[in-house]
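Student: Okay, predicted coordinates and the sequence, questions at the end:
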Amino acid sequence: MTQLRIEFHPAHQVSAELEHKIEALDHLAFAGENHDDPEFASIEWGSPDWMVLGFLGGELVSQLCLHKREITVGPQRIWVAGVGGVATHPNWLRRGFASQVLRASEVFMRNELKVPFGLLVCADETQPVYARCAWQTVAKSLIFTQNDQHRTLETRVMILSLSGEPWPGGEINLRGLPW
Ligand SMILES: CC(C)(COP(=O)(O)OP(=O)(O)OC[C@H]1O[C@@H](n2cnc3c(N)ncnc32)[C@H](O)[C@@H]1OP(=O)(O)O)[C@@H](O)C(=O)NCCC(=O)NCCS
């Protein structure tokens, strides 16, 4: 299998040149997304803390972003690493590149971010990508806050246990913008 060179960058330190590449890949990967649902289209997405970038030679081929956030699950406060913007360049799909970036991120979330869980939301169609990397579905919706308003996002919610702790169960509240 072709190994990517995977880099972790604090999001606020990404150079303008790299930012341009990240935006271009994001745009290409999500170009076909259909946001007819006005509820979904009005969502503001949170700013990430880290970018995880997978390069093949000099080319950025796969990426995701990470958000460190203290959320609530039922009555409990829990730190999570939120995974968002998972994208592989259309020319490089189904070569295991998103999986490589996810697995490298797992190590980073555990050892550097030191959080007990990863958390992401995804469409039912892309669920297999994450299930293959040991992510588990725990809910069909979550709460987030936008402009001081609590809103519900109906979506598949998946978690990755990084410390062996079981997911507590209960309503998930991101206490801020989603990712
Ligand atoms: C989803 C996406 C990131 C997958 O990237 P990728 O590099 O092709 O993924 P991988 O090669 O690591 O896939 C690993 C496994 O996940 C599954 N998988 C991959 N893409 C899939 C898809 N689009 N739908 C369903 N399962 C998929 C397959 O089982 C695959 O293994 P296989 O190729 O041996 O069958 C890529 O298709 C993409 O950028 N899509 C557009 C943006 C998007 O929807 N991102 C996800 C947001 S939640």
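Tutor: Sure thing, it's come through.
Student: hey, let's count contacts and neighbours off CA atoms from now on
Tutor: Noted.
Student: Next, see if the lengthiest strand in the chain gets close to the ligand.
Tutor: If you go by DSSP state E, the chain has its longest strand at strand 59-73. No: for a cut-off given as CA under 6 Å from any ligand atom, strand 59-73 has no contacts with the ligand; the smallest distance is 6.6 Å.
Student: what packs against that strand?
Tutor: Other elements packing on strand 59-73 under the criterion 3 or more CA pairs under 8 Å, 6 or more residues apart in numbering; DSSP states H and E are helix 16-30, strand 50-56, strand 76-88, helix 97-108, strand 172-173.
Student: orientation of it relative to strand 76-88 in degrees?
Tutor: If you take axes from the mean of the first three to the mean of the last three CA atoms, to 10 degrees, strand 59-73 sits at 160 degrees to strand 76-88.
Student: quick check: angle from strand 59-73 to strand 50-56?
Tutor: 150 degrees.
Student: what pairs with strand 59-73, and is each one parallel or antiparallel?
Tutor: Here strand 59-73 has these sheet partners by DSSP bridges: strand 50-56 (antiparallel), strand 76-88 (antiparallel), strand 172-173 (antiparallel).
Student: got the contact list for that strand?
Tutor: With contacts defined as CA atoms under 8 Å, 6 or more residues apart in numbering, strand 59-73 is touched by 21-22, 25, 47-55, 77-89, 92, 97-98, 101, 113, 168-175, 179.
Student: One more pass at 6 Å, please.
Tutor: For strand 59-73, contacts defined as CA atoms under 6 Å, 6 or more residues apart in numbering pick out 48-55, 77-89, 98, 170-175.
Student: Throw the helices and strands packed on strand 59-73 into TSV and include distance to the ligand, mean pLDDT and mean neighbour count, thanks.
Tutor: As requested, the helices and strands packed on strand 59-73 are exported to TSV (distance: least, CA to the nearest ligand atom, whole Å; pLDDT from 0 to 100; neighbours: other CA atoms under 10 Å):
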stretch	distance to the ligand	mean pLDDT	mean neighbour count
helix 16-30	4	97	14
strand 50-56	10	98	21
strand 76-88	3	98	20
helix 97-108	4	98	20
strand 172-173	18	98	21
